[in-house]
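Visitor: need a 3D model of the sequence below.
(2 chains)
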2 protein chains.
Amino acid sequence: MTPKSLDDLQLFINKAIESTNYGFNPENLYDPIHYTMSMGGKRIRPLLTLICCQLYGKSIDKAIPAAMALEIFHNSTLLHDDIMDNSMVRRNLPTVFKKWSTNIAILSGDAMIMLAYKQLNQLEEKIKSSVFETFNKATLEVCEGQQYDLDYEDDFQVRIEDYIKMIRLKTSVLLAASAKIGAIIGEACKEEQDLLYSFGENLGIAFQLQDDYLDTFGDSAVFGKKIGGDILAGKKTFLLLKALGLSKGEYNAQLIGIINDTNTKPEVKVEQVKEIYKNLKVDSITIEYINRYFDKAKESLAKLKLKGLDTTLLTEYSEKLSGRKY
Amino acid sequence: MTPKSLDDLQLFINKAIESTNYGFNPENLYDPIHYTMSMGGKRIRPLLTLICCQLYGKSIDKAIPAAMALEIFHNSTLLHDDIMDNSMVRRNLPTVFKKWSTNIAILSGDAMIMLAYKQLNQLEEKIKSSVFETFNKATLEVCEGQQYDLDYEDDFQVRIEDYIKMIRLKTSVLLAASAKIGAIIGEACKEEQDLLYSFGENLGIAFQLQDDYLDTFGDSAVFGKKIGGDILAGKKTFLLLKALGLSKGEYNAQLIGIINDTNTKPEVKVEQVKEIYKNLKVDSITIEYINRYFDKAKESLAKLKLKGLDTTLLTEYSEKLSGRKY
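Guide: Okay, here's the model as predicted:
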């Protein structure tokens, strides 16, 4: 079997998502599901599953149900998260709860969880339990991460360890599970399954921290979003929590004051906060953290390479995800 | 193995529910789960699973994970349904969304779905896929039923077939799956699995229709709820939909008028609607329907008895559920 390129795998997963029958009646349950699944997105989770399965020379067809399960589940969390965050727009389209209703978004999200699990039952018997366990653990942890995120919303004293734990649960474990599940289907040994889990986990944390960084210090043309959105929304990002942790007394109060201030012009507010971040060296500290997690992910790949595996595609994947060369 | 009595099985399932570790952190995710699972309830789904497993002489220990999955899933639907129906109280306690928040009720409900599926992975390999498929199909259908219920809320022209389809999906399929899953774990043949599914399905429909009937024509002392609640809430019950279907012209408009009227005293309103129901013979028609579904459930039991199975406990269970002698 000739291994597929990253682009080919991307096309392959897009086609699987398009051709899946999610169901039809009642329309108010299934239309939002079709709408959500066809909204697009980078499909980073199912893509990683296919890459990791292919890494072991196994046919990616075997991994499609699991890849679909991961993508459907991820999208179910978007429906529910959008309600919780009161988000009106996603990928330039109205969110499900906005376009239909909160009740419909709750219920369609629930149905998507069932549809995700349904996919898993199509897997081969010999790997089903192991995939199921990995998937189930990750999906429960995603709920835990989202709850910590809600808990931290009004808390100015969240510790950096707790913040990283939160993003690990909310974002990274599902990427980690995507990698590990690909390895399980590829019939990798336990050690390599764990290395791929660790790769996905650390890449996910690095990616999320980078997202925090770019929202404040990125180039809006490259980042694709307006710079400073997190500051204006008063979001508890890594940057803000680090700055709050580092600043003392009056300076700390001043920072909280600016964040809570609704009278200052947005541009001015963003500049004021950026200034404080720079004074506290939060920008370079954040980059250190990002590098640390990227390095951990790279270490896992190096170990896999030592074991004779061709990790080229995983490196390409990391570069595509992070927009940085490895 | 001496078969356990209905009371013993009830104690057994209650103990399993109490001693299950649902998780602890974050507290705002897991506290509502413990709260919900310890609220009590009749536990009719897990009980049916145990009865059906025991029917085949198999140890009920084998069925506990599946019984737990059914009860946890059922409770997850309560958390989400209470948000959708804006219900403040359940079993004399504030509902989760009222006591905590809507966001927490969404998320804890989601986590309970994962916890339900987690239970299934503890089942023996040889029956796991079959139980999983039955469970997954039912959980998706419950979502479909709830969506039909929401769709019908403001519709005065729902056909009786559609109403029955809705209650079948929303309520009965999970009871049917509970019975079938017990049979699968008991290693029953396909034919008997289907008979037990059909038993649960028809019993569930009969029970739901009886609930509609008793809300209007029951004895409040026996029923345990105030009579006429459905009429006052303008709920689209079997009785109302049947009455709307049978009444014509002015009489039909009069009925809708009374239902929508907010000025008449509650007692008067209930009496007026009951009068119309009686004139249209909706009370006896409803009883005919209830009997028809109870009879179908009994037919399944008779077939199982013909095959040499001791269905005593299933009859007891039906009697307990319906409050009527078989």
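
Visitor: give me every residue in the stretch 151-300 of chain A lying close to chain B.
Guide: residue A:151 (Cβ under 8 Å from any Cβ of the partner chain). The way it works is simple: take the backbone N, C-alpha and C, and place the C-beta from them, glycine included.

Visitor: low-confidence ranges, chain A, go.
Guide: Scanning chain A for pLDDT under 70 picks out the ranges A:1, A:221-224, A:324-326.

Visitor: how about the helices of the stretch 201-326 of chain A, start to end?
Guide: With DSSP state H, counting those that start in this stretch as the criterion, the stretch 201-326 of chain A has helices at A:220-223, A:229-232, A:238-246, A:249-260, A:266-279, A:282-306, A:312-322.

Visitor: per the record, what domains does chain A have?
Guide: Following the assignment in automatic domain parsing, chain A carries domains at A:1-141, A:189-326.

Visitor: tell me how far the first one lies from the chain's centre.
Guide: Going by Cα atoms, centre = their mean, to the nearest Å, the spacing between the C-alpha centre of domain A:1-141 and its chain's C-alpha centre is 13 Å.

Visitor: and what of the last one?
Guide: Taking Cα atoms, centre = their mean, the mean C-alpha location of domain A:189-326 is offset from the chain mean by 13 Å.

Visitor: run through who's touching stretch A:9-19.
Guide: A:4, A:37-38, A:43, A:46-47, A:50-51, A:54, A:60, A:64, A:67-68, A:71, A:313 (Cβ atoms under 8 Å, 6 or more residues apart in numbering or on different chains).

Visitor: stretch A:79-91 now?
Guide: Outside of stretch A:79-91, the residues within contact range by Cβ under 8 Å, 6+ apart are A:32, A:36, A:39-41, A:78, A:94-98, A:102, A:105-106, A:108-109, A:112, A:146, A:150, B:102-103, B:106-107, B:110.

Visitor: please, a ChimeraX command that selects the buried ones among those residues?
Guide: To isolate the buried subset of those in ChimeraX, counting by 16 or more other Cβ atoms under 10 Å in any protein chain shown, use the following:
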select /A:32,36,41,78,95,96,97,98,102,105,106,108,109,112,146,150 /B:102,103,106,107,110
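
Visitor: in helices only, show me the contacts of stretch A:79-91.
Guide: Judged by DSSP state H, the subset of those located in helices is A:32, A:36, A:78, A:96-98, A:102, A:105-106, A:108-109, A:112, A:146, A:150, B:102-103, B:106-107, B:110.

Visitor: got the contact list for the residue nearest to residue A:307 when sequence neighbours are not counted?
Guide: The shortest distance from residue A:307 to any non-neighbouring residue, by Cβ to Cβ, 6 or more residues apart in numbering or on different chains, is to residue A:192 (6.9 Å). When contacts are counted by Cβ under 8 Å, 6+ apart, residue A:192 touches A:183, A:304, A:307, A:309.

Visitor: list the buried residues in the helix or strand containing residue A:192.
Guide: Following DSSP states H and E, the helix or strand that holds residue A:192 is helix A:190-217. Across helix A:190-217, burial judged by 16+ other Cβ under 10 Å covers A:192-193, A:195-217.

Visitor: with stretch A:305-324 instead?
Guide: A:309, A:311, A:313-314, A:317-318, A:321-322.

Visitor: how about JSON lines for the residues you listed, with distance to chain B added?
Guide: Output for the buried residues of stretch A:305-324, formatted as JSON lines (distance: Cβ to the nearest Cβ, whole Å):
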{"residue": "A:309", "distance to chain B": "29"}
{"residue": "A:311", "distance to chain B": "31"}
{"residue": "A:313", "distance to chain B": "31"}
{"residue": "A:314", "distance to chain B": "28"}
{"residue": "A:317", "distance to chain B": "27"}
{"residue": "A:318", "distance to chain B": "29"}
{"residue": "A:321", "distance to chain B": "26"}
{"residue": "A:322", "distance to chain B": "29"}
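
Visitor: re the thing from before, highest mean neighbour count across the domains of chain A, which stretch is it?
Guide: Highest mean neighbour count among these (mean count of other Cβ atoms under 10 Å in any protein chain shown): domain A:1-141, with a mean of 20.

Visitor: out of the contacts of stretch A:9-19, who's nearest chain B?
Guide: residue A:68 (14.2 Å; Cβ to the nearest Cβ).

Visitor: chain neighbours aside, what residue packs nearest to that closest one?
Guide: Spatial nearest neighbour of residue A:68, excluding adjacent residues (Cβ to Cβ, 6+ apart): residue A:119 at 4.7 Å.

Visitor: make sure the one you found is indeed in a helix.
Guide: Yes: secondary structure of residue A:119 (DSSP: H, G, I helix; E, B strand; the rest coil): part of a helix.

Visitor: for it, give me its contacts.
Guide: A:65-66, A:68-69, A:72.

Visitor: report the contact partners of residue A:158.
Guide: Per Cβ under 8 Å, 6+ apart, neighbours of residue A:158: A:152, A:166, A:236, A:241.

Visitor: what about the nearest residue to residue A:227 once chain neighbours are set aside, distance to residue A:322?
Guide: Spatial nearest neighbour of residue A:227, chain neighbours left out: residue A:220 (4.8 Å); criterion: Cβ to Cβ, 6+ apart. Distance from residue A:220 to residue A:322, counting by Cβ to Cβ, to the nearest Å: 18 Å.

Visitor: swap in residue A:307?
Guide: 24 Å.

Visitor: tell me how far the residue positioned nearest the centre of chain A lies from chain B.
Guide: Ranked by distance to the mean C-alpha position of chain A (Cα atoms, centre = their mean), the top residue is residue A:171 at 4.1 Å. Distance, residue A:171 to chain B, by Cβ to the nearest Cβ, to the nearest Å: 16 Å.

Visitor: I figured that residue was touching residue A:145, is that so?
Guide: Yes: Residue A:171 lies in contact with residue A:145 (Cβ atoms under 8 Å); the separation is 7.1 Å.

Visitor: give the contact list for the residue nearest to residue A:289 when sequence neighbours are not counted.
Guide: Excluding the flanking residues, the one nearest residue A:289 by Cβ to Cβ, 6+ apart is residue A:209, at 5.6 Å. Residues in contact with residue A:209, defined by Cβ under 8 Å, 6+ apart, are A:167, A:238, A:286, A:289-290, A:293.
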